[in-house]
Structures are given as structure tokens and as C-alpha cells.
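1. Give me coordinates for this.
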Amino acid sequence: MSRLQRLAANLFRAWTLAESQFPDRVFDSLGARIGELEASHRGDIVFAVEARLPLKAVAQGYTARQRAEVVFANLEVWDCEDNAGVLIYVLLAERAIEIVADRGVARLVPQVDWDNLCAEVAQAFARDAFEQGAMTAIETASALLTRYLPRQPGQARTNELANRPVLL
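-> Predicted coordinates:
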């Protein structure tokens, strides 16, 4: 997407998309699913949705990835045991998805797995299947965490971050 296309998307698209595509019912469902899935691994998943970026930021070349990294820090996803926090960030105006994994996860899960997941979810968003894409993101991220950071039998589960998605 060119800078001009990004400017137009952030100016004209997504003003009300967050509330229409991710109403409370969807956020409740996604949050419940995160809670269920986290029982099988040592990671913590945070799902965050933002309608658009400020036009000045887009004009200066600020990317969805850069914003995801800021959100990762602001929501303190990095502050989990085993450094096993994962942020799934959605920028609705650009239909972009970024996954930021803390160092405990990043050293185990190949980047190509996260890239493939982002591509799959982006395809769902392109079809306006936001709820389905979000659920795919959560379920696949959880499956990767279960594969690489499984919770051992009898290991206590500490839920360090809120399960309900965050609307920024």
C-alpha cells in the first residue's frame, strides 16, 4: 500500500468500523476464547484493535508495525513470566495485522509462522470477515504457543494480562 493509499484509508475508512466489526459481543467471544486457549500454554495473548492512525503519523511514514510495537510496550505485553507475551494488533483502516512476540516466544516460534498467520488473517479481513479473521489469529497463535511453550501437567497457570480484546 502506497503512502497515498495509506493516507486515504486512514482518512476515509474505519471511522465506525471498530464498533460495527468488533461489537461488545465479538469482544466478549474473543476474550472467552483467549481464556480457554491459554490453559494449554505458558503464553499470554493480547488482541488489540485500532480504527486508524493519525494522518500526520502516516504522512511521516509511521507504519502499522511501528504502532504495534508501541502498543506492545504500552500494554506491557512484555511483562509476562517467561517473556511469553504475544500481541495481535489490528489496524482497521489499513486492514493490517501485526504480531509482536516477546523475546521468550520470538526465540522459539519461527517468524515465518507469524508471517503466514498475518497473511491468512489479512485475507479474511479483505473479505470483511473480521470476526472469523480475529478468531483465526487467536486460535493459530495459541496453537503455536502450545507447540513451543506448552503448559506442563500440574503447572499452575497465571493469567497476567486481560483476555478481553482492547479497543485503542
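2. how close does Ala137 get to Trp114?
-> Between Ala137 and Trp114 the distance is 10 Å, computed by CB to CB, to the nearest Å. Backbone N, C-alpha and C define where each C-beta goes, glycine included.
3. which neighbours do those two share?
-> Where contact means CB atoms under 8 Å, 6 or more residues apart in numbering, the residues bridging Ala137 and Trp114 through contact with each are Ile99.
4. burial of Gly31, as a residue count?
-> Applying other CB atoms under 10 Å, we find 17 other residues in the vicinity of Gly31.
5. could we number from 40 for the rest of this?
-> Got it, the first residue is 40 from now on, which makes the last one we talked about Gly70.
6. That one - that's part of a helix, no?
-> Yes: for Gly70, which was evaluated using DSSP: H, G, I helix; E, B strand; the rest coil, the result is membership in a helix.
7. and it, what does it touch?
-> Gly70 touches Ala201, Asn202, Arg203, Pro204, counting by CB under 8 Å, 6+ apart.
8. Could you tell me how many residues sit around the last one?
-> Pointing back at Pro204 there. By the criterion of other CB under 10 Å, Pro204 has 22 neighbours.
9. thought it was touching Ala87?
-> Yes: applying CB atoms under 8 Å as the test, Pro204 and Ala87 come out as touching, 6.7 Å apart.
10. State the distance from Pro204 to Trp117.
-> As judged by CB to CB, Pro204 and Trp117 stand 18 Å apart.
11. Show me where the protein has its strands.
-> Listed in chain order, the strands found in the chain under DSSP state E are 83-89, 124-130, 135-140, 205-206.
12. Touching the third one from outside, list them.
-> Okay, so that is strand 135-140. Looking at what lies outside strand 135-140 - CB under 8 Å, 6+ apart - the contacts are 103-104, 106-108, 110-111, 116, 124-130, 148, 153, 156-157, 160-161, 164, 172, 176, 180.
13. Equivalent analysis for the shortest one, please.
-> When contacts are taken as CB under 8 Å, 6+ apart, the neighbours of strand 205-206 outside the stretch itself are Ala57, Phe61, Phe66, Val85, Phe86, Ala87, Val88, Glu89, Leu114.
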